Structure formats: C-alpha cells, structure tokens
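1. Could you work out the structure for the sequence below:
(one chain, ligands or ions: 1)
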Amino acid sequence: MTKDKGRSFGRPVHKTGPAGKARPHTAEQAAAEALAHPGLAARVAAAAIIGDVVQGGHTLDEKFAAETAPSRLSGVAERDRGLARSIATVALRRLGTIRLALSQLVEKGLPRNCGALEWILVAGAAQILFLDIPDHAAVDLAVRAARLDSKSAGFANLVNGVLRNLIRRRDEFLEQSDPLEDDTPHWLAARWRRIYGEERALAIAAAHRDEPTLDLTVKSDPEVWAEKLGGRVLPTGSVRLDTHAPIPELPGYAEGEWWVQDASAALPVRVLAVLPGERVLDLCAAPGGKTAQLASAGAKVTALDRSAERLKVLAANLARLKLEATIAVGDAAQFKAEPFDAILVDAPCSATGTARRCPDVPWIKKPGDIAALAAIQARILDHALTLLKPGGRMVYCTCSLEPEEGEAQIAALLRRNPDVSHQRIDPLALGLPEQAATAEGGLRLLPDFLPDPDPRQRGLDGFYVASLKKLG
Ligand SMILES: C[S@@+](CC[C@H](N)C(=O)[O-])C[C@H]1O[C@@H](n2cnc3c(N)ncnc32)[C@H](O)[C@@H]1O
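-> This is a model prediction of the structure:
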C-alpha cells in the first residue's frame with residue numbers, strides 16, 4: 001500500500017501573510033493557491049475519480065491514462081499521482097465497507113446537491129481505514145477538499161466530525177465488514193452464490209480484497225529471472241514478485257526479457273501449445289500479452305484487434321520484447337484471411353475475474369452486460385471457426401467468472417457445430433489444482449486459487465479456458 005510517510009505533508013509552500021506572496025484575487029486563483037497545499041490536489045483528484053467511476057461508469061485506467069490526465073490530475077504533481085491512484089483503488093476495492101461505515105456515521109444521509117461531498121468522504125475514509133496515512137492528514141485534507149468545492153463547502157464541519165468518528169470506531173467497522181455482503185455489488189454477490197455456492201462465493205469476494213500480485217511471463221529461464229528479481233516461480237510457470245518498484249526499473253525490462261501478465265492470463269497460450277512456424281491468429285489481441293507468448297514460441301502470428309489505439313500499445317510492447325507479429329485492425333467477427341493452424345480467441349468479456357486488479361469492474365458492470373457480451377463472443381467464435389483449417393486447434397478464454405461467457409458459451413458452440421470437439425485440459429500438467437477442471441474438460445480458474453498466508457503471494461485472476469479442435 002502507498003506509504004505517505006509525511007512526504008506530502010511538509011510545510012505549506014505558499015505563505016499568505018504580509019511577508020509572503022500576495023493574496024489571490026479571483027476564485028480560480030484562490031482555488032489554485034489552495035490546491036498547492038501539499039497532498040491536497042491528490043485528494044481532490046482521487047475523490048473526483050471515485051465519483052467518475054461510480055456515477056459515470058468510467059474505468060480507473062481511463063481516468064489515470066496520460067491522455068485524460070489533464071482533466072482530473074492536471075494540478076497533481078507527478079509524485080502524487082501514485083498516491084491519488086492508491087486512494088481511488090482501495091476506495092473502490094472496499095467501497096461497500098466504506099459506504100456502510102459512512103451511512104452509520106451520517107445517520108440522516110447526505111444532503112441532495114452536495115457536489116463532491118460523498119466522494120470526499122469516501123476518499124478520506126479509504127485513507128483512514130486502509131492506507132498507511134496519518135489520520136490527521138486524511139481528515140485535514142478532506143476538510144480542505146470540501147471547502148474547495150462550492151457545493152460541499154458548507155459541509156466542511158460535517159466532514160471533520162464524520163471522519164473523526166470513523167477514526168474512533170475504525171476497529172468496529174473493520175471487524176463487522178463482510179467481503180460478499182459489503183464489498184461486492186448485490187447483483188454479483190447473488191449471482192456468485194447461485195453459481196458457486198455460499199462458501200466459494202465468499203472465498204472469491206475475500207480474494208478480491210487482496211492487493212494483486214505482480215506476475216511476469218519470461219521468455220526463458222524463469223528460475224534465473226525469479227532469482228534476479230527476488231521473486232519465485234509459480235507452479236504454473238509465471239514469476240511472481242512482491243515489489244512496489246516501478247516496473248520499467250526492474251532488471252530485464254529494458255532488455256525485453258519479460259512482460260507483466262497475470263498467472264491465469266498466461267495459461268490459454270500454454271494450452272494452445274503452438275509450434276515454431278505455425279500460422280496462428282490471435283483474435284482480440286491487444287495489448288498483446290498473449291501475442292507475445294505466441295511470437296516467443298516461434299509462431300507466425302497475426303494479431304487482430306478492433307481498437308487501433310490498443311494495437312499501438314501492442315506494437316510498442318512487441319518492439320520492447322524484440323518480437324514480431326502481423327498487426328491488423330478489424331472486427332474479429334468479420335476478419336478475412338487464409339485458414340490458420342491455430343486460433344486464440346481471448347474474447348471481450350465482463351472481466352469480473354479481474355476485480356483484484358481492477359476493483360472498478362464490479363461497480364461499472366451491469367447485469368445486462370453479460371448477455372450482451374455473450375452474444376458478441378458467440379459471433380466471434382462462430383466466425384473464428386471459419387478461419388480455422390480442418391484439424392486446426394482453437395483456444396477460447398475469458399477473464400470472467402460468469403458461465404454465460406465460459407462453460408455455457410462453449411456448450412452452445414458445440415451444439416451449433418457438430419464438427420468441433422472439446423479437448424480435455426489437464427490442470428495438473430499446468431501446475432493447477434485438480435479442482436480447476438470443469439466436468440466437460442475446460443478450466444475454471446477462481447481468484448482464491450494458489451492459496452498463501454501472504455496476501456501479496458496468493459490468488460490469480462478468474463478465467464475460463466476451453467480447448468477445441470475442428471475435425472478434419
Ligand atoms: C480481453 S482483451 C484482450 C487481451 C489480450 N489478448 C492480451 O492478452 O493482452 C479483449 C480485446 O478485444 C478487443 N475487441 C473487442 N471487440 C472486438 C471485436 N469485435 N473484434 C476484435 N477485437 C475486439 C478489445 O479491443 C480488447 O483489446
């Protein structure tokens with residue numbers, strides 16, 4: 001977790017007394033001057049971004065991407081952007097717990113039209129409950145943030161009182177918090193209970209509270225790289241690190257020896273098991289983690305994606321890794337090409353399996369998204385089969401926990417296509433527990449797999465993987 005350790009809380013930069021800088025004249029100047037208070041801009045940005053996600057349906061990545069940074073992060077010093085992201089991330093990961101605590105502290109509820117007040121309180125509470133930030137700084141900066149927002153300014157005393165009471169009752173709120181009841185949207189909690197049963201649903205929700213691990217896929221010699229990087233090799237072959245160091249500064253990054261990829265996300269390509277020289281189509285390829293695996297195995301890869309922007313990232317990733325692929329922009333449900341030996345379909349999905357890494361996902365997705373995405377996946381799958389040689393292999397995967405995007409999707413595909421057979425995947429051969437196998441022979445990976453007492457070492461993204469063969 002981000003440690004502030006007072007770095008952002010030194011002496012105020014601006015003096016307002018007679019010997020200091022002249023008092024600002026306009027409201028904008030006053031706001032700019034106030035924002036210069038150490039650490040305040042990061043809190044204001046974090047609160048605004050939490051609101052953008054929960055109310056506006058924006059993703060955290062979008063809000064912290066360089067091109068959108070000016071809107072919310074323009075006044076935030078480079079060194080404080082990480083802090084803003086930590087606050088927003090943990091606030092979303094524990095949003096239900098925070099809201100429950102606040103609702104007990106603000107008994108009458110928040111007034112209407114109170115601007116950013118709710119998000120200022122949520123950001124303040126996230127620091128008090130979950131980050132290693134001095135309580136007085138969290139409270140003081142939340143009060144200052146409220147004063148800066150015209151609609152919240154009249155509630156600055158309320159912010160002060162509520163957050164001070166939260167500090168007093170912190171242990172009580174943390175003890176009573178339940179991962180499935182409180183930190184999972186109700187519709188998803190109900191779904192997971194129905195699909196996985198109470199105990200597993202609770203384990204999934206508990207795993208989503210963990211700070212995610214940093215997993216790498218290495219081109220070769222995982223043991224050597226694990227030692228160099230101070231990590232360990234997982235049974236699945238990925239290298240897992242416990243570090244908060246900037247990724248580009250880690251040994252081997254600049255040389256293109258490895259790339260960041262969740263341990264689950266690395267498995268579909270291992271299942272496809274491509275051979276050097278095979279023509280392989282990576283549908284839905286960007287940002288290219290799996291393309292890199294395919295190219296690294298020596299396949300002749302065509303990497304297709306609908307998003308030209310995301311393909312630019314893929315191209316940059318491949319360039320750093322000194323790997324090659326033919327890159328194509330297009331719709332995976334319409335792409336035309338000579339048939340391929342093997343195809344990977346890493347389809348667009350609800351991504352509910354990635355909630356550890358993307359705690360915004362559960363709060364952004366809506367129940368109707370799952371059926372809409374399942375329909376797109378079906379279209380892409382059916383078209384992909386037309387691009388596969390007779391006898392060719394296809395692996396389908398999604399980072400979703402929802403059967404409509406996994407088991408049921410493949411069952412329907414097999415019913416529609418009698419010339420396709422389901423190939424059984426052996427979880428043990430991939431370093432996975434036996435329970436990862438589905439009855440039909442696919443893989444169902446759950447976020448609470450790979451248990452470890454250390455939260456920075458356990459878990460992986462939720463995924464579904466199926467291996468298919470087109471009969472010759
Ligand atoms: C799960 S991500 C792919 C991740 C990627 N395979 C990797 O390992 O880095 C899904 C991708 O599908 C792309 N996509 C969504 N709909 C598509 C379509 N109809 N045709 C092609 N690509 C599509 C999105 O732009 C996104 O990049």
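2. Three-state assignment for residue 302, please.
-> Put simply, residue 302 is strand when judged by DSSP: H, G, I helix; E, B strand; the rest coil.
3. Taking the stretch 101-250 of the chain, what residue is nearest to the ligand?
-> The ligand sits closest to residue 217 of the stretch 101-250 of the chain, with a gap of 10.1 Å, by Cβ to the nearest ligand atom. (Glycine included, C-beta is placed from N, CA and C.)
4. Who does that residue form a beta bridge with?
-> residue 259 (DSSP bridges).
5. how close does it get to residue 344?
-> 15 Å (Cβ to Cβ, to the nearest Å).
6. which outside residues touch stretch 384-393?
-> Residues outside stretch 384-393 that contact it (Cβ atoms under 8 Å, 6 or more residues apart in numbering): 272-273, 281, 283, 332, 335, 337, 339-343, 345, 394, 417, 420, 423, 467-472.
7. Could you rerun that using 10 Å?
-> Defining contact as Cβ atoms under 10 Å, 6 or more residues apart in numbering, one finds that stretch 384-393 is touched by 271-274, 278-281, 283-284, 302, 304, 332-333, 335-345, 347, 394, 396, 413, 416-417, 419-420, 423, 467-472.
8. any idea how far residue 178 lies from residue 197?
-> 16 Å.
9. repeat for residue 258
-> 37 Å.
10. Name the residue in those two with the higher neighbour count.
-> Shown here are residue 258 and residue 197; by other Cβ atoms under 10 Å, residue 258 has more neighbours (24 against 11).
11. Can you give me the pLDDT of the more buried one?
-> pLDDT for residue 258: 98.
12. same thing with residue 14?
-> 32.
13. Filter the contacts of stretch 384-393 down to the buried ones.
-> 271-272, 274, 278-281, 283-284, 302, 304, 332-333, 335, 340-345, 347, 394, 396, 413, 420, 467-470 (16 or more other Cβ atoms under 10 Å).
14. So which bits of the lengthiest strand in the chain are buried?
-> The single longest strand within the chain, with elements called by DSSP state E, is strand 388-398. Using 16+ other Cβ under 10 Å as the test for burial, strand 388-398 gives 388, 392-398.
15. Report the two of these separated the most.
-> Pairwise distances across those (Cβ to Cβ) peak at 20.5 Å, for the pair 392 and 398.
16. helix or strand right after the strand or helix carrying residue 49?
-> Taking DSSP states H and E as the definition, residue 49 sits inside helix 40-56. Once helix 40-56 ends, the next helix or strand along the chain (criterion: DSSP H and E) is helix 60-64.
17. Mind listing what's buried along stretch 290-308?
-> Applying 16+ other Cβ under 10 Å to stretch 290-308 flags 290-297, 299-306 as buried.
18. avg pLDDT for the lengthiest helix in the chain?
-> Secondary structure assigned by DSSP state H gives helix 186-207 as the longest helix of the chain. Averaged across helix 186-207, pLDDT comes to 98.
19. so what does it touch, helix or strand wise?
-> helix 95-105, helix 179-182, helix 361-364, helix 367-386 (3 or more Cβ pairs under 10 Å, 6 or more residues apart in numbering; DSSP states H and E).
20. which one of the buried residues of strand 388-398 is nearest the ligand?
-> residue 398 (7.4 Å).
21. nearest spatial neighbour of that closest one, skipping sequence neighbours?
-> With Cβ to Cβ, 6 or more residues apart in numbering as the criterion, residue 398 has its nearest non-adjacent residue at 3.8 Å, and that residue is residue 349.
22. any idea what residue 342 is structurally, helix, strand or coil?
-> Applying three-state DSSP: residue 342 is strand.
23. Tell me which residues touch it, please.
-> 269, 272-275, 278-282, 294, 299, 301, 388-389, 392-395.
24. In the stretch 1-150 of the chain, which residue sits closest to the ligand?
-> Closest point on the stretch 1-150 of the chain to the ligand, by Cβ to the nearest ligand atom, is residue 61, at 12.1 Å.
25. Give me the distance between that residue and residue 265.
-> 16 Å.
26. okay, the two: which has more neighbours?
-> Each of residue 61 and residue 265 has its neighbours counted (other Cβ under 10 Å); residue 265 has more, 24 against 11.
27. Contact partners for the more buried one?
-> 215, 217, 238, 289-290, 293, 346, 353-354, 397, 399, 445, 460-461, 463.
28. buried stuff in stretch 258-277?
-> 258-259, 261-272, 274.
29. of these, closest to residue 167?
-> Nearest member of these to residue 167, counting by Cβ to Cβ, is residue 262, at 35.4 Å.
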